Structure formats: structure tokens, C-alpha cells
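any chance you could fold what I've pasted below:
(2 chains)
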Amino acid sequence: MSRPLAQLLASAAFVLAAALLAYRQRLNLSRSLLIAAARAAAQLAVVGALIALVFRVPALAIAFVAVMVLTASLTAGSRMRALPGARRIAVSAIALPALSAVGVLLAIGAFAATPRATIPTAGILIGGAMLATTLTGRRLVEGLADGVDEIEARLSLGDRARDALAPLTRRAIAGAMVPLIDQTRSAGLVTLPGTFVGLVLGGASPGTAARVQLVVLLTLLLVQLLSALLTAELVTRAATLPGERVLALGAPA
Amino acid sequence: MSAASSDRIDGLAARDLHVARGERAVLREVSFDAPKRTVVALVGPSGAGKSTLLRCLNRLHVPDRGRVLLDGEDTAALDPCTLRRRVGLVGQTPVMLPGSVRENVAYGLDAPTAADAGRLTRALREAGLDTSFLDRAASELSGGERARVALARALTRAPELLLLDEPTAALDAAVARHIAATVRALARDGLGVVVATHDLAFAADVADRVVALRDGTAVSGAPAELLAAARDDGATVRPAHEEPRA
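Numbering: from 1, shown residues only, chains lettered A, B, ... in the order given. Take a look at the predicted model:
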């Protein structure tokens, strides 16, 4: 049996086994499992074909990265829908840090300026920026809904709106960064990160794979912190009303 | 309304405040005076617009129409932060900020001076707390203690007027009486106090004047009359210029 065929058969058999097991245990999950598997297969097939095309026509790489930024921004923006201009906030907070980092890495020659190197790197950094933006944004939106009393207490004591929001934004940034820092700390011990796995499977030496993975992980830390800070700043601006007031989501009676 | 005859009030004056939330009018052309050295009780059922009215007075809420004057000056023209230091507000839920009681009470006083320290001790005493509270964690206080810390925190800023939103909501009767005595003493010392409350006994205890809110409309007058009317479920509380509706 050829290797591709073996891979296809094995994964199809495994997902069918999972669906059957779920059915037998009456978990009511079989349908969701099969649909998720089918979606993943279709998406990866399309992405595989698209990337093959992009590798042949390098100019398309820019469009491909733009689509990644847009998709990430829509996802992160939907988590802070309650805020005016949520999507604009998400685009800026994701694109600026992630694309700047890609630019720096390419400019100093850390990665080859080819679609084959650029697209996966951009993908990881955009994904990380999306996660930081989503986590920070969601905490800020929750804080603007549940923490209105505290914010208004500070305003009533004479704080500027920005100062009254500062404790909330600091907590949101710290809260968003903790899981991301944990992830970096446990890299290689608990999980083998994707870049490492991909490079090794693709034939790179483990040493090379580890080095590239380290560059990605450490770049991610700065990108994610910048995304979180940018999200906090843009949300602060969106939530500040004229006259040193703060937009309350779920306004008090 | 007779109370709203002049705009040169030494203290706060609300003039024709109108606030709508969607289709519903929360406040309808509300006017009343809250001079210094005076305790004004805002009474009315919950949802009558008492909190919204208080929030208009320190511009946490900007009314759709109407003005709020402080010593005759339109508060819309003042820096909001300066206004809020001159007109303190203690909200309905006494929010404790992270840290000790001292950090709460001294909040926002960057580089406290000796005068600040004296004011802090005095504010604590006025709120019915002694200095042994200063180093306790604010998060460990009871509801009644929190209410008093919030009051002390507002007083440390030496406001000219103080807005209290349901100050007795979390308190037992004895503590409520203490707060009432404090409010009276503060007013004697020159502070203007506006206290929103649904507790009519407390209102009768503290108020020089009563403003009754009903369906967003205000009627002001002598406490005894209005409180009696409010007790009768407001059936006879109507603006002088408006005929009772059928």
C-alpha cells in the first residue's frame, strides 16, 4: 500500500471508529464528529491546493496573507461585538504586530522571502495575535459589562476615564498573556509545537526544527503582548465617551 | 415650581432635566435646588429615576435636555473631573477598590500631605470608623463597613456637595441612624447633601427638603407633606401645575 493511501485509510477508519464509539455510548456526538472531520478534510484540501498555487505564483502570497488577517479579524471581532468598531479594532490589533514581525524576520534574513517560508510563519504569528486579541477583548468586554460599578466609583472620585479604565485593561492584558506564557514555557515538554513537528516530518534535522521553532515562539511572545496592548488601547478609546464618561455595556438602570 | 425660581443657588440646581431611554422618559423636566448646608431627600419607588437623577448631577450621565448648575455655573462648562471632586457621589453598591481601607480612603490623593492625613482621619470618624480600620483589607469588610468606607472615601476629597444613592440599603437600623446623624452633622458644617432613598423613615430623619419622583416627574416641598403623600403610594403627589389624571 502506498503511503498516501495508508494515511487516508487510517484517518478515515479512526474517525469512523470515533463516531461509532460515540454512537454506542449515546453521547449524541457522532454527527458533530463526522461533520467536523468532513469540514477539516475539505478545508485542508482547498488550502493544500491554494498553497500549491501560491508556491507557483508568489504574488498570490500577499492575497493569501490578507485573507488570513481578515479571517482572524472576523473571528476576534465577533468576540467583542458589543463594542462599536469591534472589527476595526481586531484588524489593527492583529495585523500591525503580526505583519511587522514577519517584515522584520524577512528583512534580517531569518527566513527566506519565499511563499514556502513566509506563509506558514505569517500564519502562526497571525493566529497567535488573534488569540491574544480575542482573550484580551473578551475580558475587556466582560469588564465593561460586569465592572461598571467599579469604573463609575473611580470616575466619581475624580479619575479621568482613561485612568478609571486602566486597572481593567491591565487585568485583561495580564489575564490574556498568562495562558500564552504557559504555552511557551511548556513547549517541548508537554507538547511538541506545530512548527517543530512539521519540519521534522518534512525531513529537517531535529536541531534545525528546534531552532526555527524557538524563533517562532519567542517572536510570538512579543507579537501577542503587542496585540494585547493594542487591543486594550483601542478598546479604551472606543469605550471612552465625551465628558470623562465610560461606555457601559449592559447599562445600569 | 417655586423651588426653581432663581439660578443663583449656592449649591446645586437642576433645571428642566430630561432623560429618555429609548421611547421611555426616565426624567421629565425635573427641576429642584440642593443648596449647601441642606439635606435634600429624593424619594420615590424603585425605577422612578432617582439614580439617573443623581448621575446627572455629577455628569456620569449627560441629560438629553436641561442644565445642572453649581453655584450658578453650568456644570457642562466645568471640567468633569473637577466637578466630581466638588460633587462627590457614593453609589448604591459600595465598591471597594483593591487594597487596604487606607488605600481606598486615600485613593486619588497623589502624595498625601499632612492636611490630607488629617482630613482622612476626620473623614473616617465622620463615617463612623476608627483608625484601626485603616490597615484592614477592604475586601474583607462587611456590607455596613463598606458603606462607611465609601462614605469616608468621598469625604476625604472635601466635597462641597455629596450625593448618596440608597446609603442605608445594606445597613441595619442602628447603623442607618448613625449615618443619618452623620449626614445631619455634615450639612450643619456646610456640606450640601442629596440623598436618594426609598427608606421614608430615613428620609424623614435627615431631610430638610424632599423631592418626590414619580414616573420621572419631580415635586418638591416640605418633608412632612410629601412623605405622607409618598406613603399613600403617591396618589396625591402631583405637580402643582398639573391636574390629576382621571
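
would you map the helices across chain B?
B:50-57, B:80-86, B:101-105, B:114-126, B:143-156, B:173-188, B:200-206, B:223-231 (DSSP state H).

now the ones you listed in TSV, with mean pLDDT, distance to chain A and mean neighbour count?
Where you see a C-beta, it was placed from the backbone N, CA and C, and this is true even at glycine. Below are the helices of chain B laid out as TSV (pLDDT from 0 to 100; distance: least, CB to the nearest CB, whole Å; neighbours: other CB atoms under 10 Å in any protein chain shown):
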stretch	mean pLDDT	distance to chain A	mean neighbour count
helix B:50-57	96	7	24
helix B:80-86	96	4	20
helix B:101-105	94	10	22
helix B:114-126	85	13	16
helix B:143-156	92	7	24
helix B:173-188	89	17	17
helix B:200-206	89	20	20
helix B:223-231	73	20	17
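
how about these in TSV, adding distance to residue A:112?
Shown next, in TSV, are the helices of chain B (distance: least, CB to CB, whole Å):
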stretch	distance to residue A:112
helix B:50-57	60
helix B:80-86	54
helix B:101-105	55
helix B:114-126	63
helix B:143-156	60
helix B:173-188	73
helix B:200-206	76
helix B:223-231	80
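
what sits opposite residue B:164 in the beta ladder?
Here residue B:164 sits in beta bridges with residue B:90, residue B:195, going by DSSP bridges.

who's in contact with it?
Contacts for residue B:164 (CB atoms under 8 Å, 6 or more residues apart in numbering or on different chains) come out as B:90, B:151, B:183, B:193, B:194, B:195, B:196, B:197.

apply 10 Å and report the result again.
By CB atoms under 10 Å, 6 or more residues apart in numbering or on different chains, the contact list for residue B:164 reads B:39, B:41-42, B:54, B:88-92, B:147, B:150-151, B:154, B:179, B:183, B:193-197, B:206.

re earlier: ok, which of the helices of chain B comes nearest residue A:2?
Checking these against residue A:2 by CB to CB gives helix B:101-105 as the closest, at 70.2 Å.

convert the closest one to CSV, retaining C-alpha atoms only.
Provided in CSV are the C-alpha atoms of helix B:101-105 (Å, rounded to 0.1, in the frame of the first residue of the first chain):
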residue,chain,number,x,y,z
VAL,B,101,-9.0,50.7,53.7
ARG,B,102,-6.3,53.3,53.8
GLU,B,103,-5.7,52.9,50.1
ASN,B,104,-9.4,53.1,49.4
VAL,B,105,-9.9,56.2,51.5
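
show me how far it is from its chain's centre.
In terms of CA atoms, centre = their mean, to the nearest Å, the gap separating the centre of helix B:101-105 from the centre of its chain is 21 Å.

show me what that helix is in contact with.
Residues contacting helix B:101-105 (CB under 10 Å, 6+ apart): A:153, A:157, B:94-98, B:112, B:119-121, B:123-124, B:127, B:129, B:131-138, B:140-141, B:145-146, B:148-157.

do the same with stretch A:180-199
Taking CB under 10 Å, 6+ apart as the rule, stretch A:180-199 contacts A:120-121, A:123-124, A:127-128, A:131-132, A:135, A:174, A:200, A:204-206, A:208-218, A:220-221, A:223-225, A:227-228.

go again with 7 Å.
A:124, A:131, A:132, A:208, A:209, A:210, A:212, A:213, A:216, A:217, A:221, A:224 (CB atoms under 7 Å, 6 or more residues apart in numbering or on different chains).

and the next helix or strand past the host helix or strand of residue A:226?
Here residue A:226, judged by DSSP states H and E, is contained in helix A:206-239. Following helix A:206-239 in sequence order, the next helix or strand is strand A:240-241 (DSSP H and E).

who does that next one touch, helix- and strand-wise?
With contacts taken as 3 or more CB pairs under 7 Å, 6 or more residues apart in numbering or on different chains; DSSP states H and E, strand A:240-241 sits against no other helix or strand.

excluding chain neighbours, what is closest to residue 159?
Using chain A here. Using CB to CB, 6 or more residues apart in numbering or on different chains and skipping residues adjacent in sequence, the residue nearest residue A:159 is residue B:108, 6.5 Å away.

could you do chain B instead?
Here the residue nearest residue B:159, using CB to CB, 6+ apart, is residue B:88, at 3.7 Å.

isn't the one you found right next to residue B:162, touching?
Yes - under the criterion of CB atoms under 7 Å, residue B:88 makes contact with residue B:162 at 4.9 Å.

between those two, which contacts overlap?
Shared contacts of residue B:88 and residue B:162 (CB under 7 Å, 6+ apart): residue B:154.
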